[in-house]
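In: I'd like to go over a predicted model; first the sequence, then the structure.
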Amino acid sequence: MKIIVDADACPKTVLQICQSVAHEYAIPVWTVASFNHNIESDHHVVVGNASQEADIRVMNLAQAGDVAVTQDWGLAAMLLGKGVRCLNPDGREFSSSNIEFLLEEREAKAKFRRGGGRTKGPKKRVLENDQKFEAGLLDILTRL
């Protein structure tokens, strides 16, 4: 088992939590990010900045039983198909019961934006987000 972090858009505090929790459980943490990011990790994979390049590498690294941290709903859907547990940086676990709705929501918002509409971005990250993420990660690891 390993924790794989899609680190291109991952908050630094989430990466620190992953490394800390993984150390307690003796699980390796793999990070994947484009060369535009300066990330310190024992197992860091640098990719180019082409579209979806980091996602493809995460998919290639992932195996059934791994845990992945990503904000990308499409990547999470593919990882779930491989038997990988997926968690977003706010601590929400992706599952087969919620991923279809999330993908439909993503498509609806994209269609709205293509038509000239504007959607809100994410809220400013607060300590509570980190606490929820850590609790979610610990929950997944204790179930495995």
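Out: Perfect, I can see it now. Numbering: from 1, shown residues only.

In: now tell me what touches stretch 11-24 from outside.
Out: Taking contacts as C-beta atoms under 8 Å, 6 or more residues apart in numbering, the residues outside stretch 11-24 that touch it are 3, 5, 7, 28-29, 31, 39, 41, 69, 89, 125, 129-130, 133-134, 137-138, 141. Every residue, glycine included, has its C-beta placed from N, CA and C.

In: those in strands, which ones?
Out: Assigned to strands by DSSP state E, the following of the contacts of stretch 11-24 qualify: 3, 5, 29, 31, 69.

In: turn those residues into JSON lines, columns for distance to residue 85 and neighbour count.
Out: Conversion of the ones in strands among the contacts of stretch 11-24 to JSON lines gives the following (distance: C-beta to C-beta, whole Å; neighbours: other C-beta atoms under 10 Å):
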{"residue": "3", "distance to residue 85": "10", "neighbour count": "24"}
{"residue": "5", "distance to residue 85": "13", "neighbour count": "27"}
{"residue": "29", "distance to residue 85": "14", "neighbour count": "22"}
{"residue": "31", "distance to residue 85": "17", "neighbour count": "26"}
{"residue": "69", "distance to residue 85": "10", "neighbour count": "26"}
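
In: which one of the residues you listed is nearest residue 78?
Out: Top of the list for closeness to residue 78, among these and by C-beta to C-beta, is residue 69 at 14.7 Å.

In: hang on, the earlier thing: any chance of the ones in strands among the contacts of stretch 11-24 in a markdown table, with distance to residue 103 too?
Out: Shown next, in a markdown table, are the ones in strands among the contacts of stretch 11-24 (distance: C-beta to C-beta, whole Å):
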| residue | distance to residue 103 |
| --- | --- |
| 3 | 24 |
| 5 | 21 |
| 29 | 27 |
| 31 | 25 |
| 69 | 18 |
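
In: quick one: the helix or strand where residue 13 lies to chain centroid distance?
Out: Element membership of residue 13, judged by DSSP states H and E, is helix 12-25. From the chain centre to the centre of helix 12-25 is a distance of 13 Å (C-alpha atoms, centre = their mean, to the nearest Å).

In: which parts of that helix are buried?
Out: 14-15, 17-19, 21-22 (16 or more other C-beta atoms under 10 Å).
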